[in-house]
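1. Here you go, sequence then predicted model.
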Amino acid sequence: KNQVEQSPQSLIILEGKNCTLQCNYTVSPFSNLRWYKQDTGRGPVSLTIMTFSENTKSNGRYTATLDADTKQSSLHITASQLSDSASYICVVIRNSGNTPLVFGKGTRLSVIA
Amino acid sequence: EAQVTQNPRYLITVTGKKLTVTCSQNMNHEYMSWYRQDPGLGLRQIYYSMNVEVTDKGDVPEGYKVSRKEKRNFPLILESPSPNQTSLYFCASSWDGYGYTFGSGTRLTVV
């Protein structure tokens, strides 16, 4: 069964600290993996896109990693800011099928002063 | 500005009263999709469209209808809304069917 599991479900960190969010998947055939940031009450916005051959990709203070062998991805946030408070959704895209996107349920991050 | 526009942003209605949520994109994308998001369940696809006059069911299509008469618009129709359709709805569009740009959402409450 195609599934995406994210951990933790929620996380609270102090402003300025780093954190890492996890994504494990059992989706096949694999095309690519995307991390989205969703502010409360808003639509998800793409942060990174990773293909099979990419191990690491950065977007400012966000760094995503992908291990296609173990089917794991992580999103590392450096020097967190209050504006990083949001839900982070891992989406794995299949290379076939009519509904290729498989969504994780997200990690709710709260950054506090 | 490239965007997906949904209207309305908030809607409260009564059970059984037909409603339409509009969605429009200005990126000339062929793919469009509707999702609902519920606490603890994440985003689930309702319907999607691969081009004009081409639509298909997603994972949770029951109680919904869509149409794609023109490329830029993809309205979501609830013929007889019920309380279990209370949710946050997102329209999204994509040029390749994989990377989607999402609208700002419509929060629907059915009482």
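-> Nice, thanks for sending it over. Owing to the predicted nature of the structure, the values given are computational and were not obtained by experimental measurement. Numbering: from 1, shown residues only, chains lettered A, B, ... in the order given.
2. residues contacting whichever residue of chain B sits closest to chain A?
-> Distance from chain A to each residue of chain B (C-beta to the nearest C-beta) is smallest for B:F102, at 3.3 Å. Every C-beta, even on glycine, is put in place using the N, C-alpha and C of the backbone. B:F102 makes contacts with A:43-45, B:4, B:90-92, as judged by C-beta atoms under 8 Å, 6 or more residues apart in numbering or on different chains.
3. helix, strand or coil for the spatially closest residue to it that is not a sequence neighbour?
-> Leaving aside its chain neighbours, B:F102 sits nearest to A:G43 (3.3 Å; criterion: C-beta to C-beta, 6 or more residues apart in numbering or on different chains). With DSSP: H, G, I helix; E, B strand; the rest coil as the basis, the three-state label of A:G43 is coil.
4. and the residue of chain A found nearest chain B, what does it touch?
-> Residue nearest to chain B within chain A: A:G43 (3.3 Å; C-beta to the nearest C-beta). Residues in contact with A:G43 (C-beta under 8 Å, 6+ apart) are B:4, B:90, B:92, B:102-105.
5. Try it again at 6 Å.
-> Counting by C-beta atoms under 6 Å, 6 or more residues apart in numbering or on different chains, A:G43 touches B:90, B:102-105.
6. for B:S94, same thing?
-> Counting by C-beta under 6 Å, 6+ apart, B:S94 makes contact with B:29, B:31, B:100.
7. The first one is in contact with B:G97, isn't it?
-> No: using C-beta atoms under 6 Å, B:H29 and B:G97 do not qualify as a contacting pair, with a distance of 9.4 Å.
8. Which residue, neighbours along the chain excluded, lies closest to A:S73?
-> A:S73 sits nearest to A:C23 (C-beta to C-beta, 6+ apart), 4.3 Å away.
9. Output the contacting helices and strands for the helix or strand where that neighbour lies.
-> Element membership for A:C23, per DSSP states H and E: strand A:19-25. Secondary-structure packing of strand A:19-25 (3 or more C-beta pairs under 6 Å, 6 or more residues apart in numbering or on different chains; DSSP states H and E): strand A:4-7, strand A:72-77, strand A:86-94.
10. Pull that strand out as PDB, backbone CA atoms only.
-> Taking Å, rounded to 0.1, in the frame of the first residue of the first chain, the C-alpha atoms of strand A:19-25 are listed here in PDB:
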ATOM      1  CA  CYS A  19      15.000  20.900  14.100                       C
ATOM      2  CA  THR A  20      14.600  17.900  11.800                       C
ATOM      3  CA  LEU A  21      11.300  16.500  10.500                       C
ATOM      4  CA  GLN A  22      11.100  12.900   9.300                       C
ATOM      5  CA  CYS A  23       9.200  11.300   6.400                       C
ATOM      6  CA  ASN A  24       9.200   7.600   5.600                       C
ATOM      7  CA  TYR A  25       7.400   6.300   2.600                       C
END
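11. quick one on the thing from earlier: please work out which of the helices and strands packed on strand A:19-25 is packed deepest.
-> Of all these, strand A:86-94 has the most neighbours on average by mean count of other C-beta atoms under 10 Å in any protein chain shown, namely a mean of 23.
12. Would you list the strands that it pairs with, along with their directions?
-> The strands that strand A:86-94 pairs with in its sheet are strand A:30-38 (antiparallel), strand A:101-103 (antiparallel), strand A:107-112 (antiparallel) (by DSSP bridges).
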